[in-house]
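Asks: structure for this input, please:
(one chain, ligands or ions: 1)
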Amino acid sequence: MAEPQPQAEALAEPARINGAAAEATLSGGELAWRPAAGGGGGGEVQERRLELESEVLGCRVEGRKLRVATFSASGGGDGERPSGLACGGGGKGGGGDGSRRRGEVVLEMESEDAAARWGDAIKDRLASLGRPKRLFIIVNPYGGKRSGRSIFQNEVLPLIEAAGILYTMQETKHRLHAQEIAHSLDLRKYDGIVCVSGDGVMVEVVNGFLQREDWETAIKVPLGIIPAGTGNGMAQSLLHAAGEPFSISNAVFAIIRGHKRALDVTSVVQGKTRFFSVLMLTWGLVADVDIESEKYRWMGSARLEFYFLLRVMNLRRYNGRVLFVPAPGYEQVGEPVEQTTSCKQNGVSTGSQEDKADDRNGETSGYPGPSVEEADLEWRSLSGPFVSVWLGNVPFASEDAMAAPKAEFADGYLDCAIIRDCPRWDVLGLMFQMKDGAYVNSPYVEYFKVKAIRIEPGMRVGSSNKGGIVDSDGEVIARGDGSRAGGGGDAEHLMAYGPPIQLTVDQGLATIFSPKSR
Ligand SMILES: Nc1ncnc2c1ncn2[C@@H]1O[C@H](COP(=O)(O)OP(=O)(O)OP(=O)(O)O)[C@@H](O)[C@H]1O
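Replies: Numbers count the residues shown, from 1 in each chain. This is a model prediction of the structure:
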């Protein structure tokens, strides 16, 4: 990210703050003021400094008044911070618990000209930081607790407006609407696409981008996520990685600051059906709990714990197999696989030419998915029965479940946490170690990284016709209950339960706004 231009002239002029005489300076990336020599005037003024990059939203000029909108650590009065407090470069801004709040500092300059000059200088410095100027904001009024609209109005808009960002907002009207928007939007008009939603809508945007003819440019448009869903795994992963507390305003401020990171995209393929995922895929216990507990929604968030307990009492194991290409360092996991069982021969393509024409909506343009040279890959396998197969692209699957603690945003690998044989009460114990990811240290969890993985989901142990659920980024993609599949039309699910489903990772294909690490 661009730093404030070194040649930017430093300013130092008299100003009044709270009616008291002060000396204000704008130097490099910092606005500061201290009591003027000799004092004078009504109130008192304390020495203060504000780092523009990490504490200032924007500013506006009203006559002789320069109004600086701040978003900084609590404890500093009206958004200002006493100069004695720590000022980490791009960090949290010095608050004990790291939480920030909005404030305003009003500097009354000696003339309107001076105020205008200072206003321009601050705006120039903020502009040089690479912050977005125009955003397209997609709001899902339906996700989570149906609060997307009020989150946008009350928590997003005030910050975006104070930062002087121009925006276009559109609410989603139905499922896959966000995908349609991302597919047809004139992306040249925007510096980023922000989703006020759960993870599902953001995944739709990624799929919409990758269905475009200009997918190569589209997928580089920065995505932003403001948590307003049930599953907010991406927002939590980004904030946690930067040492920031989970909050809507911290997520908004990360977008305003404009810092970005690359994000792996996983191509999920079955035969000629393909879609793209950025969060996770689960099969077995976790998917069963997530999806089947829907019928206990009236219980609120307790439904997950309740249904988990129910499932543990009556633990299901699924037959099947997973085949994978291990990441370096994990070559010893599982058993080697004969080349004759390569993916191609089992009917799954990894993106070879004849399959490149098809995707979720039967589009003929768009990203064909990664090409993988089968001959170069050393596949290994693990055989069932499985209690749970959990694949994560980022650490958090939801706000309070760290499914893949070692996952990195753009390492080019998926993290796998697999439970096979595990006594039922140990499964229960694992649940209590989910919040901080400690469950992966259990001897019952096989944790490793892969470049590609193929799941061959089988029937429940003891049943000849009951399969499980395969869930990707919160959507059921296959269900082993005989319901129909077919990749579009009126089919109930995108894919069939049983035939292999293959995931291949594209390293750092997408770009996402991300809080700056401390
Ligand atoms: N207006 C709408 N009516 C119905 N569904 C919608 C609407 N807008 C979006 N959706 C769908 O809502 C689903 C969930 O959206 P989102 O990602 O915001 O939340 P979530 O946390 O993943 O899920 P949820 O909160 O619904 O459990 C997506 O599949 C999306 O297509």
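
Asks: now for the biggest helix by length in the chain, which elements pack on it?
Replies: Determined from DSSP state H, the single longest helix within the chain is helix 112-127. Counting contacts by 3 or more C-beta pairs under 8 Å, 6 or more residues apart in numbering; DSSP states H and E, helix 112-127 is packed against strand 11-17, strand 20-27, helix 52-55, strand 56-62, strand 65-73, strand 100-109. For the C-beta atoms, the positions are set from N, CA and C on the backbone; glycine is no exception.

Asks: list the buried residues in it.
Replies: For helix 112-127, burial by neighbour count (16 or more other C-beta atoms under 10 Å) applies to 114, 115, 117, 118, 119, 121, 122, 125, 126.

Asks: the closest residue in space to residue 168 that isn't next to it in sequence bridge partners, please.
Replies: Computed as C-beta to C-beta, 6 or more residues apart in numbering, the closest residue to residue 168 that is not its neighbour in sequence is residue 136, at 5.2 Å. Per DSSP bridges, the residues bridged to residue 136 are residue 168, residue 193.

Asks: confirm for me that residue 416 is in contact with residue 445.
Replies: No. Counting by C-beta atoms under 8 Å, residue 416 stays clear of residue 445, with 9.8 Å between them.

Asks: which one's more surrounded, these two?
Replies: Neighbours around residue 416 and residue 445, counted as other C-beta atoms under 10 Å, are more numerous at residue 416. The numbers are 26 against 20.

Asks: just the CA trace of the helix or strand hosting residue 325, in PDB.
Replies: Secondary structure from DSSP states H and E places residue 325 in strand 318-326. Taking Å, rounded to 0.1, in the frame of the first residue of the first chain, the C-alpha atoms of strand 318-326 are listed here in PDB:
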ATOM      1  CA  TYR A 318     -20.100 -43.000   6.800                       C
ATOM      2  CA  ASN A 319     -18.400 -45.400   4.400                       C
ATOM      3  CA  GLY A 320     -16.300 -43.900   1.600                       C
ATOM      4  CA  ARG A 321     -12.900 -42.700   0.800                       C
ATOM      5  CA  VAL A 322     -10.900 -39.500   0.400                       C
ATOM      6  CA  LEU A 323      -8.000 -39.200  -2.100                       C
ATOM      7  CA  PHE A 324      -5.700 -36.300  -1.900                       C
ATOM      8  CA  VAL A 325      -2.500 -34.600  -3.200                       C
ATOM      9  CA  PRO A 326      -0.700 -33.700   0.000                       C
END
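
Asks: contacts for it?
Replies: Applying C-beta atoms under 8 Å, 6 or more residues apart in numbering, the external contacts of strand 318-326 come out as 283-284, 333-334, 337, 341, 343, 377-387, 389, 416, 418, 448-461, 467-468.

Asks: centre of the chain to it, how far?
Replies: Centroid separation between strand 318-326 and its chain, computed with C-alpha atoms, centre = their mean, to the nearest Å, is 27 Å.

Asks: tell me which residues in that strand are buried?
Replies: Under the neighbour-count criterion of 16+ other C-beta under 10 Å, strand 318-326 has 318, 319, 320, 321, 322, 323, 324, 325, 326 buried.

Asks: over to stretch 275-294?
Replies: 275-291, 293.

Asks: tell me who's in contact with residue 217.
Replies: Residues near residue 217 by C-beta under 8 Å, 6+ apart: residue 187.

Asks: where's it, which helix or strand?
Replies: Judged by DSSP H and E, residue 217 forms part of helix 215-218.

Asks: who's in contact with the most centrally placed residue in the chain?
Replies: Residue closest to the average C-alpha location in the chain (C-alpha atoms, centre = their mean): residue 234, at 2.8 Å. Counting by C-beta under 8 Å, 6+ apart, residue 234 touches 199, 202, 225, 278, 279, 394, 396, 512.

Asks: so which of those are also by the ligand?
Replies: When the contacts of residue 234 are filtered against the ligand using C-beta under 6 Å from any ligand atom, the residues retained are residue 199.
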